[in-house]
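Peer 1: coords please:
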Amino acid sequence: MISSVSESVDSYVQFMTVLILFLFVLVITYWVTKWTAGYQKSQNANVNMEILDTIRLSNNKYVQIVRVGRKYLAVAICKDTVTMLTEIPEQDLIFSEKSLSKGQGFKDVLEKIQKKNFLEKEDGRDE
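Peer 2: Numbering: from 1, shown residues only. Okay, here's the model as predicted:
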């Protein structure tokens, strides 16, 4: 009887130890991820260059509108090349409120994807 109680206590202590170690690893992973994201964000913070808009033409071909200094350029991006198409006058561009904000959070992106998936299911386009 005493040995079975001792074994159950040992099992409980072992379970709690594993649980605490698991939570510790999760917390460390969270903080390292936050630190890495902050570090990369500070490394990529450019004042003079910004991608304003992107449209995908095929798997590896895109057209982007890029702000470089005070000029706006349309560029074609392919697998191995980047080609400047034209310079666009600022008055020809349409800026939405979303494009004026300095980036989207994860929650905004997730809500946008969920809304898109919901609309596709309603339209019967779900495959």
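
Peer 1: Grab the most central residue of the protein for me.
Peer 2: For the chain, the residue sitting closest to the mean C-alpha position, by C-alpha atoms, centre = their mean, is Phe106 at 6.1 Å.

Peer 1: ok, now which ones touch that residue?
Peer 2: By C-beta atoms under 8 Å, 6 or more residues apart in numbering, the contact list for Phe106 is empty. Every C-beta, even on glycine, is put in place using the N, C-alpha and C of the backbone.

Peer 1: What count of nearby residues applies to Val68?
Peer 2: 14 (other C-beta atoms under 10 Å).

Peer 1: Now do the contacts for it.
Peer 2: Applying C-beta under 8 Å, 6+ apart, the residues near Val68 are 48-49.

Peer 1: Pairing partners for it in the sheet, please.
Peer 2: Going by DSSP bridges, Val68 is paired in beta bridges with Met49, Lys71.

Peer 1: Check the gap between it and Leu57 for me.
Peer 2: 22 Å (C-beta to C-beta, to the nearest Å).
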